[in-house]
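Engineer: kindly return the folded structure for what I paste below:
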Amino acid sequence: MTEKFLVAVDASPGSERALKAAITVAKSSGTELVLVHIIEWSPFSFHTPDELAERHKRREEELDRAKEALLSPAEAAASAAGVAFESIVRHGNPAEMLADIAEETGVIQMYVGRTGGSKTQRLLFGSVASSLIQISTVPVTVVP
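Structural biologist: Residues are numbered from 1 along each chain as shown. From the prediction side, this is the model:
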C-alpha cells in the first residue's frame with residue numbers, strides 16, 4: 001500500500017507553498033498526494049423545500065467551481081512532477097473535514113499553509129492550521 005500525504009488547497013500563497021513542499025517530499029519518497037479543498041458551509045439554517053433544492057444546486061455548482069479553479073492547478077503541478085494524486089472537494093468546517101478525510105484516506109501526514117491573518121484575527125477566530133493541529137490524528141506540517 002502506497003503512503004499518502006494530504007494537502008489542503010485553497011489558492012492562498014501559504015497553500016501554494018504547502019503544495020510545493022508536499023510535492024518535493026512526495027516525489028523523493030514515492031508518496032501519493034490527496035489534494036483537498038473544503039468549502040465552508042454551515043448546516044444550521046432553516047429552509048423551505050424549494051430553498052433546500054436551490055441550496056443543493058448551489059452546493060453542486062460550488063463543488064464544480066472549486067474543482068476547476070482550485071484543484072486543477074494543484075493537479076497539474078503534481079502531474080508535472082510525476083506524483084500520483086487524488087482530489088477531494090467537500091463542504092463543512094475546514095479543520096474538522098480535513099481531519100476526517102485524513103482518517104478516511106489513511107494519510108500519514110498533512111501539509112497546510114499558514115494564513116496571513118492579523119494577530120487580532122488569529123486571536124479571535126483561530127486558524128484552520130491551529131485547529132487542525134489540535135484535532136488531527138496524524139502529523140501536520142504547517143508551511144509558512
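
Engineer: show me what the spatially closest residue to G14 that is not a sequence neighbour bridges to in the sheet.
Structural biologist: Distance criterion CB to CB, 6 or more residues apart in numbering; nearest residue to G14, sequence neighbours excluded, is G113 at 2.5 Å. The way it works is simple: take the backbone N, C-alpha and C, and place the C-beta from them, glycine included. Beta-bridge pairing of G113 under DSSP bridges involves V143.

Engineer: in this protein, which spans are helices?
Structural biologist: Secondary structure of the chain (DSSP state H): helices located at 13-29, 49-66, 72-80, 94-105, 119-125, 128-135.

Engineer: among the ones you listed, which is nearest E40?
Structural biologist: With CB to CB as the criterion, E40 lies closest to helix 94-105 of these, at 6.2 Å.

Engineer: what average pLDDT does the closest one get?
Structural biologist: Helix 94-105 shows a mean pLDDT of 96.

Engineer: and the gap between P13 and I108?
Structural biologist: 25 Å (CB to CB, to the nearest Å).

Engineer: so what's E32 bridging to?
Structural biologist: Going by DSSP bridges, E32 forms beta bridges with K4.

Engineer: okay, now it: neighbour count?
Structural biologist: Neighbour count for E32, taken as other CB atoms under 10 Å: 16.

Engineer: list the contacts of it.
Structural biologist: Residues near E32 by CB atoms under 8 Å, 6 or more residues apart in numbering: T2, E3, K4, F5, A26, V83, A84, F85, E86.

Engineer: between these, which has the most around it?
Structural biologist: Counting neighbours by other CB under 10 Å, F5 leads those with 27 neighbours.

Engineer: tell me who's in contact with that one.
Structural biologist: A22, V25, A26, T31, E32, L33, V34, V107, I108, Q109, M110, Y111.

Engineer: ok, and what's touching stretch 57-72?
Structural biologist: So stretch 57-72 is in contact with V9, D10, A11, L35, H37, I39, W41, S87, V89, H91, going by CB under 8 Å, 6+ apart.
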